[in-house]
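>>> one predicted model, sequence on top.
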Amino acid sequence: MSMVRSRRRAFTLVELLVVIAIIAILVAILLPAIGAARRAAWRNSCINNVRNLSQALHLHHDGHLSFPPGATNCSATNNSHINTQICIGPSWMAQILPYIEEKKKHDAMYVMMEVDGNGHTPLRCNAGVADTSTPDVMRCPATDQGTAFNNSSYTTGGLQKGNYAGCWGAGNYSNTADTSSETTNGVTTGSTHDGVFYEVELKTVTTSADAKGKWKAASNKGTTFGDMATDGTTKTMVISEILTSSAANDGRGAWFFAGMGGTSFTAKFTPNDFTTADKIVGCSPDPKTPCTAITNEADSFASARSEHSGGVVVGFGDAHVQFVPDTIDIAVWQAMATRMGPSTEPEINMDDL
């Protein structure tokens, strides 16, 4: 009996090259889809973050009968907002820490405020506890958080950065700062500020033992829901996105820092307008965060910016969240930024955004 020995046939070089080419084509098709899915996931995560921050503001309102101020100027003899304050209270973002499951950081901040006492001194943060990390809800996964902001008035360890900021209106800092005369309750109230957040000027020291140092927060002296009645909470912009700077001397994105670009932006220009530079005191420009360094804080402004393609995530006064395109009409964008807009401002149709 003869035996027939079978031979295994190997791939030819041509067949191997065809297989490799097919795999390369499939990878080329799938990679953009995977990238798009990742970007969509990042945007959804960002939307959830802004929603959580918006809801935290509502919880603050429930407890204090107002949103927190954008910033407080607790200087004794100098209440000018033109970058000459000698006493600045916590940012609005620092004041909502208990409502985003960061009570430990909030308590550390208040301990330091109490240690500082009632002197008109700059607010410092308990370095190593309160400001050495950024809560996840303040970080957009689509971008990085840059280098910590080094400002010796706040901490020696550097202020960490995030990606969200509160709306200070449609102009620059001087349009939002409260510069009118003081009222009997110890806080000035005027009509110059047009955004949900603005600087509150304190002159009266609260001397009660339980308020020692803590009066600098002015937690109950911010915007109320009633203040948004003219435009309506559904059409009043409260929070949007910002990009952080990689420079240590640039405070943009520093969530404990109440200055322009830190936890504040304005709608002076449309979102993601990279042709128009921010104007910030002591900033450092780069392609993602263009800026012009200035010395007068009254002229400062910072625009909403994001790494999302085509727009930014925005949270409104009623805590609903929308993705607003870069192509939004500037008049509509600025109307959304005001809480008591003039009668001449355009009607805002939310369905068109």
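Perfect, thanks for sending it.

>>> so what's the nearest residue to Ala319 once chain neighbours are set aside up against?
The shortest distance from Ala319 to any non-neighbouring residue, by CB to CB, 6 or more residues apart in numbering, is to Ser54 (4.0 Å). No exception for glycine: its C-beta is placed from N, CA and C like everyone else's. Counting by CB atoms under 8 Å, 6 or more residues apart in numbering, Ser54 makes contact with Val238, Ile239, Gly315, Phe316, Ala319, His320, Val321.

>>> ok, then the element right after the helix or strand hosting the second one?
Using DSSP states H and E, the secondary-structure element containing Ile239 is strand 237-241. Using DSSP H and E, the helix or strand that follows strand 237-241 in sequence is strand 264-265.

>>> can you list contacts of that next one?
70-71, 165-168, 197, 240, 242, 258, 301-304.

>>> pLDDT for these - can I get that in JSON lines?
As requested, the contacts of strand 264-265 are arranged in JSON lines below (pLDDT from 0 to 100):
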{"residue": "Gly70", "pLDDT": "89"}
{"residue": "Ala71", "pLDDT": "83"}
{"residue": "Ala165", "pLDDT": "96"}
{"residue": "Gly166", "pLDDT": "96"}
{"residue": "Cys167", "pLDDT": "95"}
{"residue": "Trp168", "pLDDT": "92"}
{"residue": "Phe197", "pLDDT": "93"}
{"residue": "Ser240", "pLDDT": "96"}
{"residue": "Ile242", "pLDDT": "94"}
{"residue": "Ala258", "pLDDT": "82"}
{"residue": "Phe301", "pLDDT": "92"}
{"residue": "Ala302", "pLDDT": "94"}
{"residue": "Ser303", "pLDDT": "95"}
{"residue": "Ala304", "pLDDT": "96"}
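
>>> neighbour count, secondary structure and distance to Ala148 added to those residues, as JSON lines?
Supplementary listing: the contacts of strand 264-265 in JSON lines, determined by neighbours: other CB atoms under 10 Å; DSSP: H, G, I helix; E, B strand; the rest coil; distance: CB to CB, whole Å:
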{"residue": "Gly70", "neighbour count": "30", "secondary structure": "coil", "distance to Ala148": "22"}
{"residue": "Ala71", "neighbour count": "31", "secondary structure": "strand", "distance to Ala148": "20"}
{"residue": "Ala165", "neighbour count": "28", "secondary structure": "strand", "distance to Ala148": "17"}
{"residue": "Gly166", "neighbour count": "29", "secondary structure": "strand", "distance to Ala148": "21"}
{"residue": "Cys167", "neighbour count": "30", "secondary structure": "strand", "distance to Ala148": "25"}
{"residue": "Trp168", "neighbour count": "31", "secondary structure": "coil", "distance to Ala148": "23"}
{"residue": "Phe197", "neighbour count": "30", "secondary structure": "coil", "distance to Ala148": "23"}
{"residue": "Ser240", "neighbour count": "26", "secondary structure": "strand", "distance to Ala148": "22"}
{"residue": "Ile242", "neighbour count": "28", "secondary structure": "coil", "distance to Ala148": "16"}
{"residue": "Ala258", "neighbour count": "28", "secondary structure": "coil", "distance to Ala148": "16"}
{"residue": "Phe301", "neighbour count": "27", "secondary structure": "strand", "distance to Ala148": "23"}
{"residue": "Ala302", "neighbour count": "30", "secondary structure": "coil", "distance to Ala148": "18"}
{"residue": "Ser303", "neighbour count": "25", "secondary structure": "coil", "distance to Ala148": "22"}
{"residue": "Ala304", "neighbour count": "29", "secondary structure": "coil", "distance to Ala148": "22"}
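
>>> phi, psi of the closest residue to Pro290 other than its chain neighbours?
Take Pro290 and drop its neighbours on the chain: the residue closest to it by CB to CB, 6+ apart is Ala277, 3.9 Å away. Ala277 adopts backbone torsions of phi -80, psi 150, taken as degrees, to the nearest 10.

>>> which ones are touching Ala277?
Pro285, Pro290, Cys291, Thr292.

>>> 6 Å instead, please
Pro290, Cys291, Thr292 (CB atoms under 6 Å, 6 or more residues apart in numbering).

>>> can you check Val238 too?
So Val238 contacts Cys167, Val196, Gly315, Gly317 (CB under 6 Å, 6+ apart).

>>> which of the residues you listed has the most neighbours?
Within the contacts of Val238, most neighbours by other CB atoms under 10 Å means Cys167, with 30 neighbours.

>>> alright, I will stop here.
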